[in-house]
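Colleague: Sequence plus the predicted model coming up.
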Amino acid sequence: MLYDLQALAVSKGLECTITKIVIQGVKGQVVVLGVYRPPNAQVKWFDDISMLINEILPLGAMIIMGDLNADLLRPKQPPGKSLKNLLTLANVSVHNISPTRITSTTATCIDIIAIDKSLPCLEYLVGNLSISDHLPVIASIKIKSKNDIEPVVKRSLRNVNFEIMRNRVAEVHLPARSDRSIDDVVTDWHKSVLAIVDDMVPVKSFPWRKERCPWLTDDIRQLIDKRDYIIRELKHANETRTFEDLKLVKKQIKSQIRRVTKNAGSKALDNNNPKKAWQYIKAATFTLKKPSEANQDLNMLNTFLPARSVLRIIRNCKLSVRIGSYQCSLSRM
């Protein structure tokens, strides 16, 4: 469907991209229409883009963004008036009409992000980054979605006998002579090969990471990303202020990891569940499933010392946990 719409846009001479976004847990879909309208475009341009929008509207909520070269600060004058009518047709709106192109003589709003009225807009602003004479436009929308992690659907080639697969594919022959078109012949060959692949390498659902560190929360990950960003900035400019920001972020990361780790340990130990307690100990100490000589096998340890006894020991001691490059402590006194 999108390919047909893109072909329609090309046939009309429209410079645009059509992107469909499917969000987990959200009914329907969002279609993003990226548009560029040349400054010398004819009046017919708005008729052509209106035809395209009418074809896109049944697909779902729409977002129109790009450089339209139509000033919304002058909505009663063409081409601003035509653009305003176009946005009404698409059921979208621009939440902040401010100058996006500023010169020594003019200030115009020609770069927009028009958001469907069914999508709540959290933030809409014109940035300050002036790489060109056009200022960037930033918009944030609120979308509710599920937090469940979906499995990764893929083929695994780990246990495939490629010699057998090669022989089976070699047995698929194209007809020597045929009245059919080359496209039909290639399509049949492709279906035959795909049937062999489906038989020998079926599509399976693979889980994401089975064991994820419970105390590396999204907030901590965002701080880690911020730390990495500041480090990259320091490589280009050694500023005292930036260095102080780096020290602050590192302190925040260490503090939050210590706090969340302590809460996770307290929860695991207070539930009186030996299985959960051992899971926490293994995660906190990075115990391998097949430990080497340098690592103590906790299964062997459990044989001689039941988990309930270990819980009593931990409750009356201070457990030092090393997470990456951060030294944390868990105390139960």
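Modeller: Structure's in. What do you need?

Colleague: Check which element follows the helix or strand containing residue 87 along the chain.
Modeller: In the assignment (DSSP states H and E), residue 87 maps to helix 80-89. Using DSSP H and E, the next helix or strand after helix 80-89 towards the C-terminus is strand 92-93.

Colleague: Now do that next one: everything it contacts.
Modeller: 62, 63, 64, 87, 114, 115, 116, 117 (CB atoms under 8 Å, 6 or more residues apart in numbering). Yep, even glycine has a C-beta here, placed from its N, CA and C like the rest.

Colleague: helices and strands around the longest helix along the chain, which ones?
Modeller: As assigned by DSSP state H, the longest helix anywhere in the chain is helix 240-270. Applying 3 or more CB pairs under 8 Å, 6 or more residues apart in numbering; DSSP states H and E, one finds that helix 240-270 contacts helix 218-236, helix 274-285, helix 307-315, strand 318-323, strand 326-331.

Colleague: Looking at that helix now, give me its mean pLDDT.
Modeller: When pLDDT is averaged along helix 240-270, the result is 81.

Colleague: which parts of that helix are buried?
Modeller: Neighbour-count burial for helix 240-270, counted by 16 or more other CB atoms under 10 Å, picks out 245-246, 249-250, 253-254, 256-258, 260-262, 264-265, 268-269.

Colleague: Helix 274-285 and that one, what's the angle between them?
Modeller: 160 degrees (axes from the mean of the first three to the mean of the last three CA atoms, to 10 degrees).

Colleague: what's the distance between helix 240-270 and the middle of its chain?
Modeller: Offset of helix 240-270 from its chain centre (CA atoms, centre = their mean, to the nearest Å): 25 Å.

Colleague: could you check the angle helix 218-236 makes with that helix?
Modeller: Using the same axes, to 10 degrees: helix 240-270 against helix 218-236 is 150 degrees.

Colleague: hang on, the earlier thing: give me the buried entries from the contacts of strand 92-93.
Modeller: Judged by 16+ other CB under 10 Å, buried ones among these: 62, 63, 64, 87, 114, 115, 116.

Colleague: Which of those fall in helices?
Modeller: Using DSSP H, the buried ones among the contacts of strand 92-93 in helices are residue 87.

Colleague: Now for the buried ones among the contacts of strand 92-93: which two are most distant?
Modeller: 63 and 87 (11.4 Å; CB to CB).

Colleague: what is in contact with these two at once?
Modeller: Common contact partners of residue 63 and residue 87 (CB under 8 Å, 6+ apart): residue 114.

Colleague: just to revisit the earlier point, contacts for the helix holding residue 87, please.
Modeller: In contact with helix 80-89 (CB under 8 Å, 6+ apart) are residues 43, 46, 49-50, 53-54, 64, 68, 70-75, 93-94, 114.

Colleague: which of the residues you listed count as buried?
Modeller: Using 16+ other CB under 10 Å, the buried ones in the contacts of helix 80-89 are 46, 49, 53, 64, 68, 70, 71, 72, 94, 114.

Colleague: which pair in those spans the largest distance?
Modeller: Farthest apart among the buried ones among the contacts of helix 80-89 - using CB to CB - are 53 and 71, which lie 20.3 Å from each other.

Colleague: Against which helices or strands is the strand or helix carrying residue 184 packed?
Modeller: In the assignment (DSSP H and E), residue 184 maps to helix 182-200. Applying 3+ CB pairs under 8 Å, 6+ apart, we find helix 182-200 packed against helix 162-170.

Colleague: what mean pLDDT does the helix it packs on have?
Modeller: According to the model, helix 162-170 has a mean pLDDT of 90.

Colleague: so what does that helix touch, helix or strand wise?
Modeller: Using 3+ CB pairs under 8 Å, 6+ apart: helix 162-170 touches helix 182-200.

Colleague: Of all the residues in the helix it packs on, which ones are buried?
Modeller: Buried residues in helix 182-200, counted by 16+ other CB under 10 Å: residue 200.

Colleague: Check the offset of that helix from the chain's centre.
Modeller: Averaging C-alpha positions (CA atoms, centre = their mean) puts helix 182-200 33 Å from its chain's average.
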